[in-house]
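>>> heads up, no residue letters with this:
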């Protein structure tokens, strides 16, 4: 039974109902419908913390989905799972791949900045201020891109950029 049929969350059920209606009325191929179903099931599994199941669904959605814009969101969500699992290098790879297909994903830039900032903090703890500064500079570049795409968002990042004099 598809995950979308067993979900107990009201919001997920509502989303599933609306998605199913849209899939019926919008002209799409069977492959596009299947890709969306896998994507939706991946999001549901991810929201419940079932990351292995979510990844399986996302990989299957990637196999079927041909639209670069839609693929960018699948890749972004795979990146989120790797971030949650502490697999930052893998996460960065998936965020980069998402941005190659859709350069207007401020949340991907933000998450990349957060990872770089975290690595900068780790470098400070290890006593390597030079490496830390390089990570912080990279974080700043990603946050600037996120802020440029969505001015008014990422207030804490904006303040950090000002305080560290990295905002131009």
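Received the coordinates, thanks. None of the values given here were measured: they were computed from a predicted structure.

>>> Mind checking what secondary structure the residue of the chain most remote from its centre has?
Ranked by distance from the centre of the chain (Cα atoms, centre = their mean), the top residue is residue 127, with 30.9 Å. Of the three states, residue 127 takes coil according to DSSP: H, G, I helix; E, B strand; the rest coil.

>>> Now the helix or strand harbouring residue 63: buried residues?
Using DSSP states H and E, the element containing residue 63 is helix 51-64. The neighbour-count criterion (16 or more other Cβ atoms under 10 Å) identifies 51, 53-55, 57-58, 60-62, 64 as the buried residues of helix 51-64. Bear in mind the C-beta positions are built from the backbone N, C-alpha and C, glycine included.

>>> rewinding a little: phi, psi for the residue farthest from the centre of the chain please.
Dihedral pair for residue 127: phi 80, psi 20, per degrees, to the nearest 10.

>>> same question, residue 105
According to degrees, to the nearest 10, residue 105 has phi -110, psi 80.

>>> With residue 102 instead?
Dihedral angles of residue 102 (phi, psi; degrees, to the nearest 10) stand at phi -150, psi 90.

>>> Give me the pLDDT for the residue farthest from the centre of the chain.
Looking at residue 127, its pLDDT stands at 97.

>>> what about the strands in the chain?
Taking DSSP state E as the criterion, the chain contains no strands.

>>> which stretches of it have low pLDDT?
Scanning the chain for pLDDT under 70 picks out the ranges 1-27.

>>> can you give me the helices for it?
Here the chain has its helices, by DSSP state H, at 3-6, 10-25, 30-47, 51-64, 68-84, 88-101, 106-125, 129-149, 155-163.

>>> Can you tell me, leaving aside adjacent residues, what's nearest to residue 114?
Of all residues not flanking residue 114 in the chain, residue 139 sits nearest, at 7.5 Å (Cβ to Cβ, 6 or more residues apart in numbering).

>>> How about the contacts made by that neighbour?
113-114, 116-117, 120 (Cβ atoms under 8 Å, 6 or more residues apart in numbering).

>>> Residue 141 too?
With Cβ under 8 Å, 6+ apart, residue 141 has these contacts: residue 113.

>>> repeat that with 7 Å
Counting by Cβ atoms under 7 Å, 6 or more residues apart in numbering, residue 141 touches no other residue.

>>> Repeat that for the one 4 residues further on.
Shown here is residue 145, whose contacts under the criterion Cβ under 7 Å, 6+ apart are residue 109.
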